[in-house]
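In: Here's my sequence, what's the structure:
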Amino acid sequence: MIRIAHAVITEGLKLKLTFGNGVSGTVEFSELATSPLFSPLTNDEFFENVTIVRDGRALAWGEELEICADSLFLRITGKHPEDIFHKSKAAL
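Out: Purely as a prediction, here's the structure:
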């Protein structure tokens, strides 16, 4: 299970994330913030209040906005869901 261990604001709308498996990288939220759902991220005070929640399974900004660790891991690594989420035989 992918879990976020550390999140550090670097500059602008960027977070350096380190996952429990040792993978780390920076996520740029500028493009995401252009959508109405994520537009609160453009507020510096709001963005700086990021926390790791759900035992590392997500980032959250208060009760308003949450992004799962899986999607952030995929962004950082450039992998596709099928690369890390293997189908079980029961699902076939």
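
In: Find me the pLDDT at the residue most central in space within the chain, would you?
Out: Geometric centre of the chain, nearest residue: L72, 3.5 Å, by Cα atoms, centre = their mean. Per-residue pLDDT puts L72 at 97.

In: ok, now how distant is it from R54?
Out: 13 Å (Cβ to Cβ, to the nearest Å). Any C-beta I mention is one placed from the backbone N, CA and C, and that applies to glycine too.

In: Please go through the chain and pick out the longest helix.
Out: helix 69-77 (DSSP state H).

In: hey, C-alpha coordinates of it in PDB?
Out: Below are the C-alpha coordinates for helix 69-77, written out as PDB (Å, rounded to 0.1, in the frame of the first residue of the first chain):
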ATOM      1  CA  ALA A  69      -1.300   9.000  -2.200                       C
ATOM      2  CA  ASP A  70      -1.700   6.600  -5.200                       C
ATOM      3  CA  SER A  71      -2.400   9.400  -7.700                       C
ATOM      4  CA  LEU A  72       0.500  11.500  -6.300                       C
ATOM      5  CA  PHE A  73       2.800   8.500  -6.500                       C
ATOM      6  CA  LEU A  74       1.800   7.900 -10.200                       C
ATOM      7  CA  ARG A  75       2.500  11.600 -11.000                       C
ATOM      8  CA  ILE A  76       5.900  11.400  -9.400                       C
ATOM      9  CA  THR A  77       7.000   8.100 -10.900                       C
END
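
In: residue ranges with poor pLDDT in the protein?
Out: Within the chain, the segments meeting pLDDT under 70 span 87-92.

In: Which stretches in it count as strands?
Out: 4-9, 14-19, 24-28, 50-53, 58-61, 65-68 (DSSP state E).

In: Between those, which one is closest to N43.
Out: N43 lies closest to strand 58-61 among those, at 9.4 Å (Cβ to Cβ).

In: same for that closest one, what does it pack against?
Out: strand 4-9, strand 50-53, strand 65-68, helix 69-77 (3 or more Cβ pairs under 8 Å, 6 or more residues apart in numbering; DSSP states H and E).
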